[in-house]
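Enquirer: How does the following fold in three dimensions:
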Amino acid sequence: MPRRKKSEEGIMDITRMAEDLGVSKTTVSRALSGNGRVSEATRQRVVDYAREKNYVPNMMAKSLVTKKSYNVALVFSRQFSNFEGQFLRKTITAVCDVMARNDYDVLLAMVGEQEAQPMQRLLVNHKIDGVILARSLERDPLIPLLQQSKLPFITIGRPVDPTVLYVDHDQVGGCRELTNLLLMKSLHRIALLGGSMLYTVNQTRLEGFRQAHEHSHCKIDESLLFLELETDDLRIDAIQQAVARKADCLLCMDDHVAMLALNTVRQMGLKVPDDIRIASLYDGEALLDCTPQITAVSFDPELLGKRAAQQLLAGIRRQPVETGTLLGYQVGLRTSTQT
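Expert: Residues are numbered from 1 along each chain as shown. You can find the predicted model right below:
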């Protein structure tokens, strides 16, 4: 075997890997990509050696051969661009982890609710192989754009179009179960506080709320539905109105609203849970240390991001994938002080 130059001794590429392992470059390429016929023993041997030598593939050269960019876009609404929501941060991290393990980079794209131009640029310039929409809107302009492009994409959240690939938690089931629990405690004047109904996550939670009342043969007081609350001023005003209308429970669509409700009713001189109950349809970390503890529905944002990334990769690789994936939930019965 010819002696390597000193300048080449620290470089690990497919050619050198093939020489060291005594196999062909084609075998190494197939083993690392997962495509083509290679025995499991050989594949594992190549993968283990690549990991031992800290092999990093030349993605530019690979993209020239495969005609892929090895980038995916993760799209989220501009109003959440401050990343204050822990759910979004954990979901993004899980997506990036899965993609990194598959030699993909993630491009974060901020768009307005009815904005399409950032996505059009990515498509026109062929910068991405697939898209994860980290939001699901009732009339999302990106969905017809992506359908027309034929690019694989998936939404996080149940889309209106039943043909669109998506992954979501069972928002309807979680909201229905928590509402049923509250109704069983003889709380029949439940005020529901939520955000924009343009987002399907809020629509599905409202659906679960209504289903629980129908199942229990309880009529909803429509004056206790406070929706489209997009600022804290609107939320505080809604909380005060709900108390004035004799609500016995404030059911909040997320942990931020729940904490705001807890602080607001305290400022009004009310005790929780003696004077009024509070529950949340998302059990974020903000609720973990609050006193009293708040009954909530727990979802797994990391699992959500992981599944979305895995489903998109399957689509990019033209592997069979289910149109819709619903993940489970847990109702936080750890809050014995309120229930």
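
Enquirer: quick one, what contacts the spatially closest residue to Leu229 that is not a sequence neighbour?
Expert: Once flanking residues are discounted, Leu229 sits nearest to Arg235: 4.7 Å by CB to CB, 6 or more residues apart in numbering. Bear in mind the C-beta positions are built from the backbone N, C-alpha and C, glycine included. By CB atoms under 8 Å, 6 or more residues apart in numbering, the contact list for Arg235 reads Leu193, Leu229, Val257, Leu260, Ala261.

Enquirer: let's see 7 Å
Expert: The contact partners of Arg235, by CB atoms under 7 Å, 6 or more residues apart in numbering, come to Leu193, Leu229, Val257, Leu260.

Enquirer: Does it belong to a helix, a strand or coil?
Expert: helix (DSSP: H, G, I helix; E, B strand; the rest coil).

Enquirer: all helices in the stretch 51-200 of the chain, in order from the N-terminus.
Expert: 59-66, 86-101, 117-124, 142-149, 171-184, 200-215 (DSSP state H, counting those that start in this stretch).

Enquirer: Could you tell me the least trusted of those helices?
Expert: Ranked by mean pLDDT, those bottom out at helix 59-66, which scores a mean of 48.

Enquirer: how many other residues sit next to Lys219?
Expert: 9 (other CB atoms under 10 Å).

Enquirer: Looks to me like it is in a strand.
Expert: No. Counting by three-state DSSP, one finds Lys219 to be coil, located in no strand.

Enquirer: that older thread, what about the contacts of Arg235, which one has the most neighbours?
Expert: Leu193 (27 neighbours).

Enquirer: ok so, going back, state the pLDDT value of the residue nearest to Leu229.
Expert: pLDDT for Arg235: 97.

Enquirer: Can you tell me how far it is from Gln86?
Expert: Arg235 sits 18 Å away from Gln86, going by CB to CB, to the nearest Å.

Enquirer: Could you do His217 as well?
Expert: Distance from His217 to Gln86, by CB to CB: 37 Å.

Enquirer: Name the residue in these two with the higher neighbour count.
Expert: The neighbour comparison of His217 against Gln86 (other CB under 10 Å) goes to Gln86, with 15 against 7.

Enquirer: Which parts of the stretch 201-339 of the chain are strands?
Expert: 225-226, 249-252, 277-280, 295-298, 324-327, 330-331 (DSSP state E, counting those that start in this stretch).

Enquirer: could you redo those as JSON lines and give each row mean neighbour count and mean pLDDT?
Expert: Output for the strands of the stretch 201-339 of the chain, formatted as JSON lines (neighbours: other CB atoms under 10 Å; pLDDT from 0 to 100):
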{"stretch": "strand 225-226", "mean neighbour count": "20", "mean pLDDT": "98"}
{"stretch": "strand 249-252", "mean neighbour count": "27", "mean pLDDT": "98"}
{"stretch": "strand 277-280", "mean neighbour count": "26", "mean pLDDT": "96"}
{"stretch": "strand 295-298", "mean neighbour count": "24", "mean pLDDT": "92"}
{"stretch": "strand 324-327", "mean neighbour count": "15", "mean pLDDT": "94"}
{"stretch": "strand 330-331", "mean neighbour count": "17", "mean pLDDT": "89"}
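
Enquirer: Need those in a markdown table (columns: distance to Leu181).
Expert: Below are these laid out as a markdown table (distance: least, CB to CB, whole Å):
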| stretch | distance to Leu181 |
| --- | --- |
| strand 225-226 | 19 |
| strand 249-252 | 11 |
| strand 277-280 | 8 |
| strand 295-298 | 7 |
| strand 324-327 | 20 |
| strand 330-331 | 6 |
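
Enquirer: wait, which of these is closest to Ala109?
Expert: strand 324-327 (22.6 Å; CB to CB).

Enquirer: what residues does that closest one touch?
Expert: Against strand 324-327 from outside (CB under 7 Å, 6+ apart): Tyr166, Val167, Asp168, His169, Asp170, Asp300, Leu303, Leu304, Arg307, Gln311.

Enquirer: Pretty sure the second one sits against Gln311.
Expert: Yes. Between Val167 and Gln311 a contact is recorded at 5.9 Å, counting by CB atoms under 7 Å.

Enquirer: picking that back up, mind putting the helices of the stretch 51-200 of the chain in a markdown table, distance to Glu19 included?
Expert: Listed next are the helices of the stretch 51-200 of the chain as a markdown table, based on distance: least, CB to CB, whole Å:
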| stretch | distance to Glu19 |
| --- | --- |
| helix 59-66 | 18 |
| helix 86-101 | 26 |
| helix 117-124 | 39 |
| helix 142-149 | 42 |
| helix 171-184 | 54 |
| helix 200-215 | 53 |
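
Enquirer: quick one, which of those helices is nearest to Glu40?
Expert: That would be helix 86-101 among the helices of the stretch 51-200 of the chain, by CB to CB, at 18.7 Å.

Enquirer: List the buried residues in that closest one.
Expert: With burial defined by 16 or more other CB atoms under 10 Å, the residues of helix 86-101 counted as buried are Phe87, Leu88, Lys90, Thr91, Ile92, Ala94, Val95, Cys96, Val98, Met99.

Enquirer: cool, stretch 157-168 as well?
Expert: Per 16+ other CB under 10 Å, stretch 157-168 contains these buried residues: Gly157, Arg158, Pro159, Val164, Leu165, Tyr166, Val167, Asp168.
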